[in-house]
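Peer 1: sequence below, structure please.
(one chain, ligands or ions: 1)
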Amino acid sequence: MKRLLAVLATGATALGLMSLSNPPAAAAAGCEVDYTVTSQWQGGFQAAVKVTNLGDPVNGWTLKFALPDAGQRVVQGWNATWAQSGSTVTATNVDWNRTLGTGASADLGFVGSFTGANPQPTAFTLGGVACTGAVEEPPPGGGEPTPGPGTGTPVDVNGLLRVCGVHLCNQYGRPVQLRGMSTHGIQWFARCYDAASLDALAKDWKSDLLRIAMYVQESGYETDPAGFTSRVNGLVDMAEARGMYALIDFHTLTPGDPNHNLDRAKTFFASVAARNAAKKNVIYEIANEPNGVSWAAVKSYAEQVIPVIRAADPDAVVIVGTRGWSSLGVSDGSDENEIVSNPVDADNIMYAFHFYAASHKDVYRTTLSRAASRLPLFVTEFGTVSATGDGTLDRASTTAWLDLLDQLKIGYANWTYSDAPESSAALRPGTCAGGDYGSSGVLTESGALIKSRISTTDHFPTG
Ligand code: IDC
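Peer 2: Down below sits the predicted model:
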């Protein structure tokens, strides 16, 4: 059977047909692709791609097309996993748009760069089948299999990470978003990080990472360097054993100038980098929240600490805190431009962005959105509440933030996986003494919200 569908092409809109990836035998297949350049500027453009499934319902799909000018690149995409090889662009469904019923659409988009001309893409295909403008019965076996989600733990699937462009990429060179939890200060909440709690975090929460918040002051590292170094290493091993990434957070806070702790940082990172160099699961975060200090001072600190790490562990990702409590400068009256115009002189690095949903809203979201196409960003800490770590949970703002981070594929760690008596904590007071981390009753309102977000399937791209 061949059904022909009328398609309408107007102005900047090109319509094509998309066929289904890996359709079941004898299923009707067909799609409409509506491509629009929504804005264009010197050297760049933004495009919207609306994909409508005209065939039988699908669970998992991959759209491919060609950007015919070799100078065209997809810089940043949303609502799909975007990749480009030569002139071929691939957009694979994300979690929430995996299923497309008959007549259902997914709205994708991307920011592209170009040199020379900016022609419209051609050759929309899916599973290698050319789009022809019709719905048809696919030939048996005609589909190309879509890579399935990886099996195994986050570290098994993704392996050694590396910054690629503005993203964090896995061993296949594909962008990944890591979603997980931060400890509270390990000097206060060590009891919350035992085998049972980390089992729950890995298996029940399906957390991709554990951020290990090692305060430097406030009874932290400075009081017992060897002891805290060893506790951090122990937690790195526990995360590794459970397939989670470990983000080693040198939790500077007060004083806000990281240079106050420069010598301690060099000593600490020389030690943990040498000890953990062979591991695939370690990411170094060299200064939690610089504040009341210039970007030049933070950059100078980073350019002294990063070489110490690289000397021992050359290939690990390093995350640099930003001015204004890691707000990209916003909380100190600046913005990301101070970094874009004067970046840290090192590669394989990302910049930290922190927010507390009840305190930091649209101005911060706008900054993050803008900065995300220019700087590799990682939300190494955020809260669902106010910047005090306490107060009322702001569900609407938290949801807006997490939707944005998902869309931009920016990784995050929530403050805190602990039973601290404050609303930012995910576990109710007393949980850690009780040792039961699995019952729904142990979760605070914040814990329940965050667990529901991070426990969804990751669909890390492979191959
Ligand atoms: C808070 C803790 C709180 C502790 C305080 C001082 O939740 O129990 O008394 O630190 O150490 C940050 C910091 C993080 C803060 C958190 C909430 O990185 O250390 O934790 N916050 O105030 N930046 C913005 C908010």
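Peer 1: show me what contacts the residue in the chain that the ligand sits nearest to?
Peer 2: The nearest approach of the chain to the ligand comes at G389, 2.9 Å away (CB to the nearest ligand atom). Yep, even glycine has a C-beta here, placed from its N, CA and C like the rest. Taking CB atoms under 8 Å, 6 or more residues apart in numbering as the criterion, G389 is in contact with Y356, G383, W415, T416, A420, E422, S423, S424.
Peer 1: farthest pair within the residues you listed?
Peer 2: Y356 and A420 (14.7 Å; CB to CB).
Peer 1: residue ranges with poor pLDDT in the stretch 151-300 of the chain?
Peer 2: 151 (pLDDT under 70).
Peer 1: residue ranges of the helices in it, please?
Peer 2: Listed in chain order, the helices of the stretch 151-300 of the chain (DSSP state H, counting those that start in this stretch) span 154-158, 195-199, 225-241, 262-276, 295-312.
Peer 1: please identify the deepest-packed of the ones you listed.
Peer 2: helix 154-158 (a mean of 21; mean count of other CB atoms under 10 Å).
Peer 1: centre of the chain to that helix, how far?
Peer 2: Relative to its parent chain, helix 154-158 has a centroid offset of 14 Å by CA atoms, centre = their mean, to the nearest Å.
Peer 1: next one: stretch 425-440
Peer 2: Distance, centroid of stretch 425-440 to centroid of chain: 27 Å (CA atoms, centre = their mean).
Peer 1: buried set for it?
Peer 2: A425, A426, L427, R428, T431, C432, Y437 (16 or more other CB atoms under 10 Å).
Peer 1: among those residues, which ones are in helices?
Peer 2: Counting by DSSP state H, the part of the buried residues of stretch 425-440 found in helices is T431, C432.
Peer 1: which one of the buried residues of stretch 425-440 is nearest to S230?
Peer 2: C432 (20.5 Å).
Peer 1: and the spatially closest residue to that closest one that is not a sequence neighbour, how far from G243?
Peer 2: Leaving out its chain neighbours, the residue that sits closest to C432 by CB to CB, 6 or more residues apart in numbering is C192, at 4.1 Å. Note on C192: its distance to G243, by CB to CB, to the nearest Å, is 20 Å.
Peer 1: between those two, which one's more packed in?
Peer 2: Neighbour count, other CB atoms under 10 Å: between C192 and G243, C192 has more, with 23 against 18.
Peer 1: the more buried one against L427, yeah?
Peer 2: Yes. Applying CB atoms under 8 Å as the test, C192 and L427 come out as touching, 7.3 Å apart.
Peer 1: between those two, which contacts overlap?
Peer 2: Y417, S418, D419.
Peer 1: ok, the buried residues of stretch 425-440 vs R179, which is closest?
Peer 2: A426 (13.3 Å).
Peer 1: residues in contact with that closest one?
Peer 2: Taking CB under 8 Å, 6+ apart as the test, what A426 contacts is M181, N414, T416, Y417, S418, L443, T444, S446, G447, I450, K451.
Peer 1: can you rerun that using 6 Å?
Peer 2: A426 makes contact with Y417, T444, S446, G447, according to CB atoms under 6 Å, 6 or more residues apart in numbering.
Peer 1: give me the number of residues near the residue nearest to it when sequence neighbours are not counted?
Peer 2: What sits nearest to A426 in space, not counting adjacent residues and going by CB to CB, 6+ apart, is G447, at 3.2 Å. Neighbours of G447 under the rule other CB under 10 Å: 25.
Peer 1: checking G447 next. Helix, strand or coil?
Peer 2: Here G447 is helix, with the state taken from DSSP: H, G, I helix; E, B strand; the rest coil.
Peer 1: isn't S271 right up against F228?
Peer 2: No. Using CB atoms under 6 Å, S271 is not in contact with F228; the gap is 10.4 Å.
Peer 1: hang on, the earlier thing: quick check: phi and psi at the residue of the chain closest to the ligand.
Peer 2: phi 90, psi 0 (degrees, to the nearest 10).
Peer 1: who's in contact with stretch 365-384?
Peer 2: Outside stretch 365-384, the residues touching it (CB under 6 Å, 6+ apart) are 75-76, 111, 163, 166, 182, 285, 319, 328, 330, 335-336, 340, 350-357, 393, 398, 404, 408, 410-413, 415, 424, 446.
Peer 1: this completes my enquiry, with thanks.
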